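Trainee: here is the input, now give the coordinates:
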Amino acid sequence: DLLASMAKSSVYARKVYQPKAGSRHIIICGDLSSTALSALFEELFHEDHNNHNLYAVILHSNRRTAELNALLKTRKFESRVIYLEGTVLSDRDLRRACAEEACAVLMFTNKFTIIPDRDDAKTILQHHNMKRYIEQRKGYEHVNYQVTFCVQLVRPENQRHFASGGHISVECATEHVICLNEIKMGIIA
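Mentor: Model prediction:
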């Protein structure tokens, strides 16, 4: 029974990120496309930035696609990017990703959604859960570090919901919200 259930689950659903001494890592989650990740990784790990001790942990609820597999198996990224199958809404998965030690969290949204409010609500819920988890871990283990949240939303009107998570007080968090429709309207104007 146990072996049968383990065979059904992906190796990435059981994998755990173990940070190396002196290293830093970021967590990438949300709606991911391999083209966006390719550009992100090219910039993130560019030799001009001197980020030799920086790693990226992708926390995603779906299995790796063939495109993502090809990207993560390139010589440039295979040792710097770790893929974990899981969700930001699970404390167990956040623990596997060492979220309490991440220096940054990037949350992407579906840019081509036909229901933007639903996707924004999902992103905001994930953000609030991540902050709650960090606060909980901070209280239990006295974690002392600076975490930066970069969150994409589709509609600017949903920023008020994002800001309404005031009951969570992670003082060591910096938050940046990028509203895609706001950028589009600014370009059109």
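
Trainee: count of residues packed around residue 176?
Mentor: Neighbouring residues of residue 176 were enumerated by other CB atoms under 10 Å; the total is 11. Quick note: C-beta positions are derived from backbone N, CA and C, even for glycine.

Trainee: please name the bridge partners of it.
Mentor: For residue 176, the beta-bridge partners under DSSP bridges are residue 150.

Trainee: list the contacts of it.
Mentor: Contacts of residue 176 were listed using CB atoms under 8 Å, 6 or more residues apart in numbering, and they are 148-151.

Trainee: quick one: the strands in this structure?
Mentor: Taking DSSP state E as the criterion, the chain contains strands spanning 24-30, 54-60, 81-85, 104-108, 147-153, 173-179.

Trainee: so which of the contacts of residue 176 wins on neighbours?
Mentor: Counting neighbours by other CB under 10 Å, residue 151 leads the contacts of residue 176 with 23 neighbours.

Trainee: contacting residues around that residue?
Mentor: Contact criterion CB under 8 Å, 6+ apart gives 107, 123-124, 127, 162, 175-178 as the residues in contact with residue 151.

Trainee: 7 Å - rerun?
Mentor: Applying CB atoms under 7 Å, 6 or more residues apart in numbering, we find residue 151 in contact with 107, 123, 127, 162, 175, 177.

Trainee: for those, give me a markdown table that also has distance to residue 86, neighbour count and pLDDT.
Mentor: Listed next are the contacts of residue 151 as a markdown table, based on distance: CB to CB, whole Å; neighbours: other CB atoms under 10 Å; pLDDT from 0 to 100:
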| residue | distance to residue 86 | neighbour count | pLDDT |
| --- | --- | --- | --- |
| 107 | 14 | 23 | 92 |
| 123 | 16 | 26 | 90 |
| 127 | 16 | 23 | 89 |
| 162 | 23 | 18 | 73 |
| 175 | 23 | 16 | 80 |
| 177 | 24 | 19 | 82 |
